[in-house]
Each structure stands twice: as C-alpha cells, then as structure tokens.
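Novice: here is a sequence together with a model predicted from it:
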Amino acid sequence: MTTEPENYTRNPAIDGDPLSSFQRSQSGCHRRQLREALGQLMRAAHDRQPVSVLPALCKFVVLSAHRLVMVGDEVGAAAGDCSAGWRTLTASDQLFVALRRTLSATKAAAAGDKNDSCEAVREMADATQVLAEAAAALDRHVNQYCAAREGDLS
C-alpha cells in the first residue's frame, strides 16, 4: 500500500477518480476511432469503390462501436439505479441497435447488384448517420456521468 507524503493535498481536478478518468478517455478514443471508420466507409461508397470492399471497412466500424457500447455498459452498470445510469444504458442500447442496422445495410449494399446497389448504399449512409448520432449521445452520457462522479470526490 502506498502512502502519500504528509504535505500532499488530494486534488480531484488532477487526481480524479481513476476509473472515471479511464472510462472518459476510452469513450472519447473509441468514438474518434468510430468516426474515422465511418468516414472511411462513406468515402469508399462516395468514391464508388467496389461494393465488395464495404464489408471489410464495416469491420472497423463494428469493432469501434462495440468497444464504445462496452464502455457505456460498464459505466451504466457502475452507476446503478440512478437516472444517469439508466440514460447511459439506454444510449448504449440505442448505439447497439444502430450498429445492427448499419451492419445489415452494409451487407445489403455489398450483396446488391448494380441496379439496386445505389438505393442500398443510400440506406447504408442513412444508417451510418444514425450510428454516428447514437455514438455522440453515448459519449456525452458517459462524459456527464464520469464528470459528475469526479466532482463528487471533491
């Protein structure tokens, strides 16, 4: 067990709650990775890359979004029955639903022939927009909860 020097004064603004700080940083990191993966997916669609490329790019979207969902679930579970916990879990669930929709739309776009792929790619673009909005909402709820938790330490 480590002990602090006698003249050490705990500063929550600097020290904070290590778990909350970690969760906030993870949420931001995974959201940035998701935003980048969504950008690559949409650039490929915009640049009219072969639709066979879309599932490979979607894997990065799935990984980033799933990591963000895991952070949201951890924060929501740690929050317990408080309203912040329920909001975080709800946002996490909404992100998961949006992820499933994006995955289905990407598979449909990749499986379509040239005649119907334009509409499928448009659906995929709509789904990625909803996914990005859900990720932003979850990141906001995680940050609000963690900031409040860190503020409780002072």
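Specialist: The structure has been received and is ready for your questions. Numbering: from 1, shown residues only.

Novice: in the longest helix seen in the chain, what counts as buried?
Specialist: Longest helix in the chain by number of residues (criterion: DSSP state H): helix 117-152. Residues 117, 120-121, 123-125, 127-128, 130-132, 134-135, 137-139, 141-143, 145-146, 149-150 are the ones in helix 117-152 that count as buried (16 or more other C-beta atoms under 10 Å). (C-beta placed from N, C-alpha, C; glycine too.)

Novice: ok now that helix, how far from the chain's centre?
Specialist: 6 Å (C-alpha atoms, centre = their mean, to the nearest Å).

Novice: state the distance from the most centrally placed residue in the chain to Cys58.
Specialist: For the chain, the residue nearest the mean C-alpha position is Leu68 (3.6 Å; C-alpha atoms, centre = their mean). Noted for Leu68: a distance of 15 Å to Cys58, by C-beta to C-beta, to the nearest Å.

Novice: cool, Pro50 as well?
Specialist: For Pro50 relative to Cys58 (C-beta to C-beta), the value is 14 Å.

Novice: shaky segments in this structure?
Specialist: For the chain, residues meeting the criterion pLDDT under 70 lie at 1-16, 113-116, 152-154.
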